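# sequence? don't have it. structure:
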(Lines give C-alpha, C1' and ligand atoms only; values in the text may rest on other atoms or scores of the structure.)
Protein backbone atom coordinates (compact mmCIF):
# COMPACT_ATOMS: atom_id res chain seq x y z
CA UNK A 1 0.00 0.00 0.00
CA UNK A 2 1.23 3.48 -0.88
CA UNK A 3 1.81 5.89 2.00
CA UNK A 4 3.41 9.34 1.99
CA UNK A 5 5.15 11.75 4.31
CA UNK A 6 4.27 15.32 3.24
CA UNK A 7 6.55 18.11 4.42
CA UNK A 8 6.33 21.87 4.26
CA UNK A 9 8.50 24.56 5.76
CA UNK A 10 5.38 26.45 6.86
CA UNK A 11 2.06 25.29 8.28
CA UNK A 12 -0.18 27.24 5.89
CA UNK A 13 0.44 24.99 2.83
CA UNK A 14 -0.29 21.97 5.02
CA UNK A 15 -3.58 23.49 6.19
CA UNK A 16 -4.53 24.23 2.58
CA UNK A 17 -3.68 20.67 1.54
CA UNK A 18 -5.62 19.27 4.51
CA UNK A 19 -8.69 21.26 3.44
CA UNK A 20 -8.59 19.79 -0.08
CA UNK A 21 -7.94 16.27 1.21
CA UNK A 22 -10.95 16.56 3.53
CA UNK A 23 -13.10 17.81 0.63
CA UNK A 24 -11.99 14.80 -1.43
CA UNK A 25 -12.62 12.31 1.37
CA UNK A 26 -8.95 11.31 1.62
CA UNK A 27 -7.82 10.39 5.12
CA UNK A 28 -4.65 11.87 6.53
CA UNK A 29 -2.91 12.64 9.80
CA UNK A 30 -1.22 15.85 10.88
CA UNK A 31 1.82 16.00 13.12
CA UNK A 32 2.73 19.38 14.56
CA UNK A 33 4.79 20.82 17.35
CA UNK A 34 1.58 21.97 19.04
CA UNK A 35 0.64 18.35 19.80
CA UNK A 36 1.54 16.59 23.02
CA UNK A 37 4.05 13.75 22.82
CA UNK A 38 1.22 11.27 23.53
CA UNK A 39 -0.88 12.64 20.69
CA UNK A 40 2.08 12.45 18.27
CA UNK A 41 2.76 8.85 19.28
CA UNK A 42 -0.91 7.94 18.70
CA UNK A 43 -0.65 9.39 15.18
CA UNK A 44 2.61 7.58 14.38
CA UNK A 45 1.15 4.30 15.69
CA UNK A 46 -1.97 4.68 13.51
CA UNK A 47 0.15 5.39 10.46
CA UNK A 48 2.52 2.52 11.20
CA UNK A 49 -0.39 0.07 11.57
CA UNK A 50 0.07 -2.03 8.44
CA UNK A 51 -3.24 -3.85 8.91
CA UNK A 52 -5.19 -0.69 8.16
CA UNK A 53 -5.07 1.19 4.84
CA UNK A 54 -5.70 4.51 6.55
CA UNK A 55 -4.27 7.04 6.96
CA UNK A 56 -2.13 7.11 3.85
CA UNK A 57 -0.75 10.63 4.27
CA UNK A 58 1.10 12.28 7.14
CA UNK A 59 1.36 16.07 6.93
CA UNK A 60 4.02 17.82 8.99
CA UNK A 61 6.31 20.81 9.17
CA UNK A 62 9.77 19.97 7.89
CA UNK A 63 11.59 20.75 11.13
CA UNK A 64 9.25 18.53 13.12
CA UNK A 65 9.77 15.67 10.67
CA UNK A 66 13.49 15.78 11.27
CA UNK A 67 13.35 15.72 15.05
CA UNK A 68 10.33 13.59 15.92
CA UNK A 69 10.84 10.27 17.66
CA UNK A 70 8.90 7.22 16.52
CA UNK A 71 8.52 8.27 12.92
CA UNK A 72 11.08 5.71 11.79
CA UNK A 73 8.56 2.95 12.47
CA UNK A 74 6.07 4.78 10.30
CA UNK A 75 8.39 4.72 7.35
CA UNK A 76 10.06 1.33 7.64
CA UNK A 77 8.70 -2.09 6.82
CA UNK A 78 5.82 -1.29 4.51
CA UNK A 79 5.21 2.26 5.70
CA UNK A 80 5.75 5.44 3.74
CA UNK A 81 7.33 5.04 0.33
CA UNK A 82 6.66 8.56 -0.95
CA UNK A 83 8.16 11.74 0.45
CA UNK A 84 6.70 15.00 -0.80
CA UNK A 85 8.19 18.43 -0.15
CA UNK A 86 5.55 21.11 -0.79
CA UNK A 87 8.12 23.87 -0.84
CA UNK A 88 11.85 24.28 -0.90
CA UNK A 89 13.97 24.49 2.20
CA UNK A 90 17.20 26.44 2.52
CA UNK A 91 19.12 23.63 4.17
CA UNK A 92 19.69 20.63 1.90
CA UNK A 93 20.83 18.50 4.84
CA UNK A 94 17.49 18.99 6.61
CA UNK A 95 15.63 17.75 3.53
CA UNK A 96 17.94 14.74 3.23
CA UNK A 97 17.36 13.91 6.89
CA UNK A 98 13.59 14.14 6.41
CA UNK A 99 13.86 11.88 3.35
CA UNK A 100 15.89 9.48 5.46
CA UNK A 101 12.78 8.84 7.55
CA UNK A 102 11.48 6.70 4.69
CA UNK A 103 14.86 5.08 3.97
CA UNK A 104 15.13 3.14 7.22
CA UNK A 105 16.22 -0.48 7.67
CA UNK A 106 13.25 -2.70 6.92
CA UNK A 107 11.99 -0.57 4.04
CA UNK A 108 11.42 -3.15 1.32
CA UNK A 109 10.03 -0.89 -1.40
CA UNK A 110 11.42 1.86 -3.59
CA UNK A 111 11.06 5.31 -2.04
CA UNK A 112 10.07 8.21 -4.27
CA UNK A 113 10.86 11.80 -3.38
CA UNK A 114 9.12 14.76 -5.04
CA UNK A 115 9.84 18.43 -4.45
CA UNK A 116 7.33 21.05 -5.60
CA UNK A 117 8.75 24.47 -6.43
CA UNK A 118 7.15 27.56 -7.87
CA UNK A 119 8.61 28.64 -11.20
CA UNK A 120 10.78 31.80 -11.22
CA UNK A 121 10.98 32.22 -7.43
CA UNK A 122 13.77 32.43 -4.91
CA UNK A 123 13.20 28.72 -4.22
CA UNK A 124 13.99 27.86 -7.82
CA UNK A 125 17.14 30.00 -7.71
CA UNK A 126 18.34 28.32 -4.51
CA UNK A 127 17.68 24.86 -5.98
CA UNK A 128 19.66 25.72 -9.13
CA UNK A 129 22.56 27.05 -7.06
CA UNK A 130 22.60 23.98 -4.83
CA UNK A 131 22.62 21.69 -7.86
CA UNK A 132 25.48 23.71 -9.39
CA UNK A 133 27.48 23.51 -6.13
CA UNK A 134 26.90 19.75 -5.92
CA UNK A 135 28.09 19.37 -9.53
CA UNK A 136 31.24 21.39 -8.80
CA UNK A 137 31.93 19.39 -5.67
CA UNK A 138 31.56 16.14 -7.61
CA UNK A 139 33.99 17.36 -10.28
CA UNK A 140 36.52 18.61 -7.74
CA UNK A 141 36.44 15.51 -5.55
CA UNK A 142 37.73 13.31 -8.39
CA UNK A 143 37.46 9.53 -8.72
CA UNK A 144 37.39 7.49 -5.55
CA UNK A 145 36.23 10.41 -3.42
CA UNK A 146 32.72 10.63 -1.92
CA UNK A 147 30.29 12.50 -4.11
CA UNK A 148 27.51 13.05 -1.59
CA UNK A 149 27.95 14.73 1.71
CA UNK A 150 31.54 15.69 0.96
CA UNK A 151 32.68 18.90 2.56
CA UNK A 152 35.26 21.01 0.77
CA UNK A 153 38.21 21.95 2.94
CA UNK A 154 39.97 25.28 2.80
CA UNK A 155 43.78 25.02 2.71
CA UNK A 156 44.38 28.37 4.47
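Everything's here; your move. As the structure is a computational prediction, the values presented were derived from the model and not from experiment.

# Sketch out the strands for the chain, chain order is fine.
Listed in chain order, the strands of the chain (DSSP state E) span residues 4-8, 29-30, 57-61, 82-85, 112-115.

# among those strands, which is nearest residue 100?
Among those, strand 82-85 comes nearest to residue 100, with 9.3 Å by CB to CB. For the C-beta atoms, the positions are set from N, CA and C on the backbone; glycine is no exception.

# pull the helix or strand with minimum mean pLDDT from this structure.
Ranked by mean pLDDT, DSSP states H and E, the weakest helix or strand in the chain is helix 71-75, scoring a mean of 49.

# hang on, the earlier thing: would you reformat the strands of the chain as TSV and include mean neighbour count, mean pLDDT and distance to residue 127?
Output for these, formatted as TSV (neighbours: other CB atoms under 10 Å; pLDDT from 0 to 100; distance: least, CB to CB, whole Å):
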stretch	mean neighbour count	mean pLDDT	distance to residue 127
strand 4-8	24	90	15
strand 29-30	19	88	26
strand 57-61	23	88	20
strand 82-85	20	91	11
strand 112-115	14	90	8
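
# Now distance to residue 105 too, for the ones you listed, in a markdown table please.
As requested, these are exported to a markdown table (distance: least, CB to CB, whole Å):
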| stretch | distance to residue 105 |
| --- | --- |
| strand 4-8 | 17 |
| strand 29-30 | 23 |
| strand 57-61 | 20 |
| strand 82-85 | 17 |
| strand 112-115 | 18 |
